[in-house]
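missing the sequence, but the structure's below:
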């Protein structure tokens, strides 16, 4: 009897689930759509015999709708306006869309941006490929409380000082700008941030506490900047980091314990990318804090003018598989070893030092 009841319940669930799935519909085109716009109802399903769509999506290319937003329904939830010459705008113009969640304003030649009215549901804002020189300083925190993703690639941003980003941000992409330095406090409110892209900027130095408050940050991209050195503790307060990329910079010096406590909460694989810099001598004390977890770290050095000596060979041997590209990292000097691979170094006279207690250094002062 019990078995029959179970079979009946399972069968009923399958039928019910199939019925629910059958009620979902693909996006439905909206007939009354402005010229050069693509309009549709999305996330549609049938309830009690009637079709109901949760989202209204408008995508307009060179349609000149910015000056006549009244042609769009007020219940629009996703709006893309691309290819217009907006110049100086205020986000208040979109406040009439009381349910707006996603706003794409890329490629509009926007030079300045203001906001004075709250957009309570906006969680995605794309400002890529404009001409912005700055963000509103304090307004974003109060008036964009739900914002989770902010993209502002390929603009003219130069500084982050005094900017207060919305605290719920999970992804922030400011790549391909002219930012000179992520100063102390730039990201202090972003305790939920998981992804930060600052690649292709003009950053010359990393403030030792620039990233101090980013406890959930997993990916940090600093490729193609002008960074010359990594000061002690530069990345010491990134416990959740899994990918740190510093490729194509001008790094010559890595301070002692620059990577101290990096990724201590992340138990998956880690990558630290240092390829194509100006690192000539890699000192053991610069990376020894990584040795205690060498089985989950991947360190890349190819493209640096490495000076190959006993010290470099001993680092290679201590790092083991952690140094992922030893077989493709070329020696640049001394002259008699130029062109040799670090993975092929063999100095019979080198004596490996007694291994330190790296575990204590790695976790000290964190917990």
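Received the coordinates, thanks. Bear in mind the structure is a predicted one, so any value in this text is a computation, not a measurement.

contacting residues around residue 325?
Residues near residue 325 by C-beta atoms under 8 Å, 6 or more residues apart in numbering: 275, 300, 301, 302. All C-beta atoms are positioned from the backbone trio N, CA, C, and that covers glycine.

Which ones among those residues map onto strands?
residue 300 (DSSP state E).

Would you reformat the contacts of residue 325 as CSV and include neighbour count?
Shown next, in CSV, are those (neighbours: other C-beta atoms under 10 Å):
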residue, neighbour count
275, 19
300, 21
301, 25
302, 19
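
So what's the gap between stretch 269-281 and the chain middle?
Relative to its chain's centre, stretch 269-281 lies at 19 Å (C-alpha atoms, centre = their mean, to the nearest Å).

Give the rounded mean pLDDT of that stretch.
Regarding stretch 269-281, the rounded mean pLDDT is 96.

what's the answer for stretch 151-168, then?
On average, stretch 151-168 scores 90.

buried residues in that stretch?
By neighbour count with 16 or more other C-beta atoms under 10 Å, stretch 151-168 contains the buried residues 151-155, 157, 159-160, 163-168.

Any idea how far apart the tips of that stretch sit?
Stretch 151-168 has an end-to-end distance of 14 Å (criterion: C-alpha to C-alpha, to the nearest Å).

Which stretches in the chain count as helices?
With DSSP state H as the criterion, the chain has helices at 2-22, 139-143, 284-287, 310-319, 358-363.

can you give me the mean pLDDT across the last one?
In this case it means helix 358-363. For helix 358-363, mean pLDDT rounds to 45.

if we can go back for a sec, what's the most distant pair in the buried residues of stretch 151-168?
The distance between the two most remote of these (C-beta to C-beta) is 25.4 Å, for 154 and 167.

Check residue 261 and give its pLDDT.
82.

now residue 128
Note for residue 128: predicted pLDDT of 98.

The closest residue to it other than its chain neighbours - how many residues pack around it?
Excluding its sequence neighbours, the residue lying closest to residue 128 (C-beta to C-beta, 6 or more residues apart in numbering) is residue 106, at 4.1 Å. Close neighbours of residue 106, defined as other C-beta atoms under 10 Å, add up to 18.

Please apply the same query to residue 28.
13.

Was I right to think it contacts residue 46?
No - contact status for residue 28 versus residue 46: not in contact, 11.7 Å apart, counting by C-beta atoms under 8 Å.

Would you list the phi and psi of residue 209?
Here is the backbone geometry of residue 209 (degrees, to the nearest 10): phi -120, psi 20.

Report the contact partners of the closest residue to it other than its chain neighbours.
Using C-beta to C-beta, 6+ apart and skipping residues adjacent in sequence, the residue nearest residue 209 is residue 184, 5.4 Å away. Neighbouring residues of residue 184 by C-beta under 8 Å, 6+ apart: 207, 209, 210.

Would you map the strands across the stretch 101-250 of the chain?
According to DSSP state E, counting those that start in this stretch, the stretch 101-250 of the chain carries its strands in the segments 102-104, 112-114, 124-126, 149-151, 171-173, 195-197, 219-221, 229-230, 243-245.

ditto for the stretch 251-367 of the chain
Taking DSSP E, counting those that start in this stretch to define them, one finds strands in the stretch 251-367 of the chain at 253-254, 270-273, 297-300, 306-307, 331-333.

So for residue 145, which of the ones you listed sits nearest?
Residue 145 sits nearest to strand 270-273 of all these, at 32.9 Å, using C-beta to C-beta.

and the closest one, what does it pack onto?
When contacts are defined as 3 or more C-beta pairs under 8 Å, 6 or more residues apart in numbering; DSSP states H and E, strand 270-273 packs onto strand 243-245, strand 297-300.

what's the span of stretch 140-157, first residue to last?
Termini of stretch 140-157 sit 16 Å apart (C-alpha to C-alpha).

contacting residues around residue 170?
Contacts of residue 170 by C-beta under 8 Å, 6+ apart are 148, 149, 192, 193, 194, 195.

Is the third one in contact with residue 169, as I believe?
Yes - counting by C-beta under 8 Å, a contact exists between residue 192 and residue 169, whose distance comes to 6.7 Å.

Neighbour count for these two, which is higher?
Ranked by neighbour count (other C-beta under 10 Å), residue 192 and residue 169 place residue 169 first, with 23 against 15.

where does that one sit relative to residue 163, distance-wise?
Residue 169 is 12 Å from residue 163, where distance means C-beta to C-beta, to the nearest Å.

Ok, residue 100 next?
Applying C-beta to C-beta, the value for residue 100 to residue 163 is 23 Å.

does residue 254 have beta-bridge partners, and which?
Beta-bridge partners for residue 254, by DSSP bridges, are residue 230.

Test my guess that it contacts residue 281.
No - counting by C-beta under 8 Å, residue 254 stays clear of residue 281, with 9.8 Å between them.

Show me which of these two is the more surrounded one.
Ranked by neighbour count (other C-beta under 10 Å), residue 254 and residue 281 place residue 254 first, with 23 against 16.

Residue 124 versus that one, what's the distance?
Taken as C-beta to C-beta, the span from residue 254 to residue 124 is 37 Å.

quick one on the thing from earlier: quick check, pLDDT for the residue nearest to residue 128.
Residue 106 carries a pLDDT value of 97.

Show me the shaky parts of the stretch 1-150 of the chain.
For the stretch 1-150 of the chain, residues meeting the criterion pLDDT under 70 lie at 1-24, 51-52, 137.
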